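Peer 1: got a predicted model here, sequence first, then my questions.
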Amino acid sequence: MNTKNLPHFKYNPNVYKNGMVEFGSGICQCCGEKTNAYIQNIYAIEDIDCICMNCVSSGKAAHKFNGTYIQDADWIDNPIATEELYKKTPGYISWQGENWAACCNDYCEYIETVGTKELEELGIAEQLFDEDGSFDGYDNARQYLGCVLKLKIKNKVLEITAMEQKRYEMSDEQWEQIKDLFPKAKTGRPPKDNRLMFNAILWLARSGSAWRDLPERFGSWKTVYSRFCKWRDDDTLFNIFHALNAEADYENLSIDSTSVKAHQHSAGAKKGL
């Protein structure tokens, strides 16, 4: 599709090439006009499926739906740039939400996705990876990063978000324990594979990622979210975890201090109470 007549985005100049924009027939939920290029990613209360690029660049959609396209960014003392980034710039596909880098009191441009090969070609791989090949706590990162790091370059400023590995999925033995606890398929169109959907839910729960960042191998995040809601509401998930609890191995037990909050009166309390 010819994108010359579509809006240009200062902080995401290659947005029409990086997979964020859907090319096809749609109706913008902001202006109500037909469009052949739109995005589906906005952080808002409403479930938005189609926003034309004009409504993105003008800020109309962000204002109408009280949303933003960016999850997080470095802090800068530049209200105009912050408004431009959060309200008028499409985000990028990432492992755990956008985290936009800044330099010289302005935001960096998001250029492209790179991996170990590209970092070596840039001559900066040795600066990023530890001697054993790990990065930011991830073992063997240098080996696994085929093409999953996010790079924002402006004045040689880089930001690496995270890597995606095929992990967090159930083994055959684990699946055998729970496969019969899922609802039986009814007549009509067969549902997506239960194991695939459950692995997708596990991946999200264990990685801490946003729904929209689900790896492509699991299919549409909306399909997974719909299945999650169905299993949550009909107690399928409760029954599964209740059954597994009887043989818990605590392999993936963790407590996140950002989620488990202490009561304000707990500050200064005597130990042992």
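Peer 2: Looks like it came in fine. All figures in this text were calculated on a predicted structure; none of them were measured in a lab. Numbers count the residues shown, from 1 in each chain.

Peer 1: all strands for the protein, in order.
Peer 2: 22-27, 34-39, 51-52, 72-73, 99-100, 102-103, 106-107, 110-114, 149-152 (DSSP state E).

Peer 1: dump these to CSV, plus mean pLDDT, mean neighbour count and distance to residue 15.
Peer 2: C-beta here means a position set from N, CA and C on the backbone, and glycine is covered the same way. What follows is the strands of the chain, written out as CSV (pLDDT from 0 to 100; neighbours: other C-beta atoms under 10 Å; distance: least, C-beta to C-beta, whole Å):
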stretch, mean pLDDT, mean neighbour count, distance to residue 15
strand 22-27, 91, 13, 12
strand 34-39, 94, 18, 8
strand 51-52, 96, 28, 13
strand 72-73, 87, 16, 16
strand 99-100, 82, 20, 14
strand 102-103, 89, 18, 19
strand 106-107, 93, 22, 14
strand 110-114, 79, 19, 8
strand 149-152, 38, 23, 13
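
Peer 1: would CSV of these with distance to residue 201 be doable?
Peer 2: Shown next, in CSV, are the strands of the chain (distance: least, C-beta to C-beta, whole Å):
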stretch, distance to residue 201
strand 22-27, 25
strand 34-39, 25
strand 51-52, 27
strand 72-73, 24
strand 99-100, 24
strand 102-103, 34
strand 106-107, 33
strand 110-114, 25
strand 149-152, 24
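
Peer 1: isn't residue 225 right up against residue 210?
Peer 2: No. The criterion here is C-beta atoms under 8 Å, and residue 225 misses it with residue 210 at 10.9 Å.

Peer 1: sketch out the low-pLDDT regions of this structure for me.
Peer 2: Along the chain, the model assigns pLDDT under 70 to residues 93-98, 136-141, 143-168, 185-192, 208, 245-273.

Peer 1: ranges for the helices of it?
Peer 2: Applying DSSP state H to the chain gives helices spanning 53-58, 60-65, 79-88, 116-122, 125-128, 141-144, 172-178, 194-207, 221-233, 236-245.

Peer 1: residues touching the nearest residue to residue 133 once chain neighbours are set aside, list them.
Peer 2: In this structure, residue 133 finds its nearest non-sequential neighbour in residue 142, 3.8 Å apart by C-beta to C-beta, 6 or more residues apart in numbering. For residue 142, the contact set (C-beta atoms under 8 Å, 6 or more residues apart in numbering) comprises 116, 125, 129, 133-135.

Peer 1: how much space separates residue 142 from residue 202?
Peer 2: Using C-beta to C-beta, to the nearest Å, residue 142 is found at 26 Å from residue 202.

Peer 1: just give the nearest non-adjacent residue to residue 201, would you?
Peer 2: For residue 201, the spatially nearest residue (C-beta to C-beta, 6+ apart) is residue 228, at 5.4 Å.

Peer 1: ok, now how distant is residue 56 from residue 132?
Peer 2: For residue 56, the distance to residue 132 - C-beta to C-beta - is 43 Å.
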